[in-house]
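Asks: Show me how the following folds:
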Amino acid sequence: MDSAKKKAVRDYVAAVGKGDGEALRAFVTEDYTHEFLGSTVLRGTRTLTEILGQLEAFSSALARPGEFLFQEMVEEGDVVSAMFSGKCELVNGKRFDGDYAVFCHFRGDKILKMRELIDTKLADDVLS
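Replies: Alright, predicted model coming up:
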């Protein structure tokens, strides 16, 4: 059975797949930040407001909700690390089927900061 923190990570990712910003808000702090690592066009750190705007754009690009499958999840103290894959069909006919690794830092039962590694080539090919 998942801990509350692991469940929050799963539910956060599910909200992203559905493009549901209101649901996403329930799992993060008001001062939440999301850092995309690597050399992708997405690279950088975003605030909650910026992530919600990015989610809205991503949601409008989806032909249907994305599906995610978790392979590994580890919790240690206030950090949950997870590896998962996603399948996302876009309205432009492209697919964004990628692999992800996230490191979620918690304050209490909410995600304070997420650091994410994605397939940078795929992100650049599909999102730029």
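
Asks: pLDDT (mean, whole number) over the strand or helix carrying residue 60?
Replies: Per DSSP states H and E, residue 60 falls inside helix 48-61. What helix 48-61 shows for mean pLDDT is 91.

Asks: and it, what does it pack onto?
Replies: Counting contacts by 3 or more Cβ pairs under 8 Å, 6 or more residues apart in numbering; DSSP states H and E, helix 48-61 is packed against helix 4-18, helix 21-25, strand 28-36. Yep, even glycine has a C-beta here, placed from its N, CA and C like the rest.

Asks: Relative to residue 106, which of those is closest?
Replies: Nearest to residue 106 among the helices and strands packed on helix 48-61 is helix 4-18 (5.6 Å), distances taken as Cβ to Cβ.

Asks: buried set for the closest one?
Replies: Within helix 4-18, the residues that count as buried by 16 or more other Cβ atoms under 10 Å are 5, 6, 8, 9, 10, 12, 13, 14, 15, 16, 17, 18.

Asks: Now tabulate the helices and strands packed on helix 48-61 in a markdown table and tack on mean pLDDT and distance to residue 48.
Replies: Shown next, in a markdown table, are the helices and strands packed on helix 48-61 (pLDDT from 0 to 100; distance: least, Cβ to Cβ, whole Å):
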| stretch | mean pLDDT | distance to residue 48 |
| --- | --- | --- |
| helix 4-18 | 96 | 12 |
| helix 21-25 | 95 | 8 |
| strand 28-36 | 97 | 4 |
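
Asks: Serialize these to TSV and add fields for distance to residue 60.
Replies: TSV is the format used below for these (distance: least, Cβ to Cβ, whole Å):
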stretch	distance to residue 60
helix 4-18	13
helix 21-25	12
strand 28-36	19
